[in-house]
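Undergrad: no sequence for this one, just the structure:
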C-alpha cells in the first residue's frame, strides 16, 4: 500500500532525529541529507550549514534507518487558540518585535536575548504564524548562532561596537529554540527544521549536562557555571515540557536522568517559611549541599517564578513543590509581592507584574482543579504588561493552559 503524504512526513521527521545519516524527502517538501553528528559542527558564515542537495525535489527513497522516539502529543497535535489569544499575539508582535525578527527586551535597555527569540519562535508555531517564525529564526541563527556547535549566544546589545560580545549560551533558551524548531517541522512539514532541532538537543546533552556525585544536572550555560568547588544552577532553566521534547529529539537515557534529578533537586532546594526555590542555586561538589547562591539575592523572584509554570505545563501538580507555591500564593491573595527573601521572609513592597500574576493563577488552577476544569479567573492582558518579560510570561501561561487541556 502506498504511504500517504502525512505518513511520509511522519517517517521523514522521525527517521532524521536519531543522529544517523538519513535521506529525508517528501513529495512537495525539499530534500535534506543530514550528516552523522560526531560532536559540535562549525557552521558556514555564522549560519546553519546547508547540506548538499538541500532544496532538491527528487523521488522518495526509503530511509536507511528508522528511529521512532515517542512524540509528545503537544508536538504532533497543536492546540487551537481563540481569536482573543491571537489578538494578544498580534499585540505582542507590534510592541516587542522589530521588523527584522528581533524580540526586544524593553525592560533591559532594548537588548535581545536568545530566551526571547526562543519564546517568540514557540509562540509563532503555536499561533500558526510561519512568516513571523521565519523572521525570528533567520535573525536568531544569523546573529546568535555560536561557532563550533549548534547553540546560541545569550545576548545581543544593539548599537554596541560588538553586539554579541559574550558568546556563552543560555541553556533554557536553546531548549525553547529546539522545541520551536521541532514543532514547526511537524506543523508545517519542514523536516530540515527537525534536524536543526536535533542538533541543538545533542549539543545541549554533550555540553550543558554535568554529573556531580549522584546527580546529573543541567548547567545554565556551557561556560562559567562549574568550578572546582561548586556548580551554579538556575532552577527555572528546568523547562520540563521542553526536556521531554529533547528526549524524543535526541534519545538518550541521560535525558531521563536530567529530568528526574531536576525534579528531585526542586524538591530539595526549597528555603524560607514557604519552602520556595531561589532564583539561583549553589550545589557543593563535595557534600552535595544546596543553598541559595551567594552571588545573587536569596529570592523567589523573576527567574524562579517560571518553576511553577514549567511544573504545571508538564502536569506535575501533585508534588509538595507545587503545593508550596499554592500555599504561598494563597497567603498573599490581597497583595502579591514581586519577590520574597528566602532567608528573612521579607517581601517586596511593590506588586508582582501581570506576567507573574498569570503564572500564579494558572499554576494554582492546575494544581487544585486539573487541566480539564475551566479557569475560574481571567488572564492578565499583554497590553497591561509593563515590559517584554511580563508579556511573554502571559503568553507562556496561555500555551501551558491550552496545551494541558488538549493533551
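TA: Ah, there it is. All of these numbers come straight from a predicted model, not from anything done at the bench.
Undergrad: what's the distance between the most centrally placed residue in the chain and residue 103?
TA: In the chain, the residue lying closest to the centroid (Cα atoms, centre = their mean) is residue 176, at 2.8 Å. From residue 176 across to residue 103, the span is 12 Å (Cβ to Cβ, to the nearest Å). Glycine gets a C-beta too; all of them are placed from N, C-alpha and C.
Undergrad: where do the contact lists of the two overlap?
TA: residue 119 (Cβ atoms under 8 Å, 6 or more residues apart in numbering).
Undergrad: so what's residue 388 scoring on pLDDT?
TA: Residue 388 is assigned a predicted lDDT (pLDDT) of 98.
Undergrad: Wait, it touches residue 104, no?
TA: Yes: with contacts counted by Cβ atoms under 8 Å, residue 388 reaches residue 104, the gap being 6.4 Å.
Undergrad: what do the two both touch?
TA: Contacts common to residue 388 and residue 104, judged by Cβ under 8 Å, 6+ apart, are 96, 116.
Undergrad: circling back to that earlier point, right, and the helix or strand after the helix or strand encompassing the residue nearest to the centre of the chain?
TA: According to DSSP states H and E, residue 176 maps onto helix 171-188. Per DSSP H and E, the first helix or strand lying C-terminal to helix 171-188 is helix 191-207.
Undergrad: pLDDT (mean, whole number) over that next one?
TA: On average, helix 191-207 scores 97.
Undergrad: where exactly do the helices run in this structure?
TA: 5-16, 73-76, 83-96, 114-126, 130-143, 171-188, 191-207, 240-249, 253-268, 306-313, 320-331, 354-369, 388-406 (DSSP state H).
Undergrad: from the middle of its chain, how far away would the longest one be?
TA: So that's helix 388-406. 12 Å (Cα atoms, centre = their mean, to the nearest Å).
Undergrad: who does that helix touch, helix- and strand-wise?
TA: On a contact count with 3 or more Cβ pairs under 8 Å, 6 or more residues apart in numbering; DSSP states H and E, helix 388-406 meets helix 73-76, helix 83-96, helix 114-126, helix 306-313, helix 354-369.
Undergrad: try it again with 6 Å
TA: helix 83-96, helix 114-126, helix 306-313, helix 354-369 (3 or more Cβ pairs under 6 Å, 6 or more residues apart in numbering; DSSP states H and E).
Undergrad: Extract the residue ranges of this structure that are flagged as low pLDDT.
TA: 1-70, 317-318, 367-377, 405-407 (pLDDT under 70).
Undergrad: ok, back up a step: there's contact between the residue nearest to the centre of the chain and residue 116 in this structure, I believe.
TA: No: Residue 176 lies out of contact with residue 116 (Cβ atoms under 6 Å); the separation is 9.6 Å.
Undergrad: how about the helices of the chain, which one is nearest residue 220?
TA: helix 171-188 (5.6 Å; Cβ to Cβ).
Undergrad: ok and the closest one relative to helix 130-143, angle-wise?
TA: Going by axes from the mean of the first three to the mean of the last three Cα atoms, to 10 degrees, helix 171-188 is angled at 140 degrees with respect to helix 130-143.
Undergrad: by contact count, what packs against helix 171-188?
TA: Against helix 171-188 (3+ Cβ pairs under 6 Å, 6+ apart) you get helix 73-76, helix 114-126, helix 191-207, helix 240-249.
Undergrad: what's the offset of it from the middle of its chain?
TA: 8 Å.
Undergrad: dump the residue contacts of the residue lying closest to residue 226 once chain neighbours are set aside.
TA: Using Cβ to Cβ, 6 or more residues apart in numbering and skipping the chain neighbours, the partner closest in space to residue 226 is residue 210 (5.7 Å). Shown in contact with residue 210 (Cβ atoms under 6 Å, 6 or more residues apart in numbering): 217, 219, 226.
Undergrad: So the second one is in contact with residue 232, correct?
TA: To tie it back to what came earlier, the one meant is residue 219. No: if you go by Cβ under 6 Å, residue 219 and residue 232 don't touch, sitting 8.0 Å apart.
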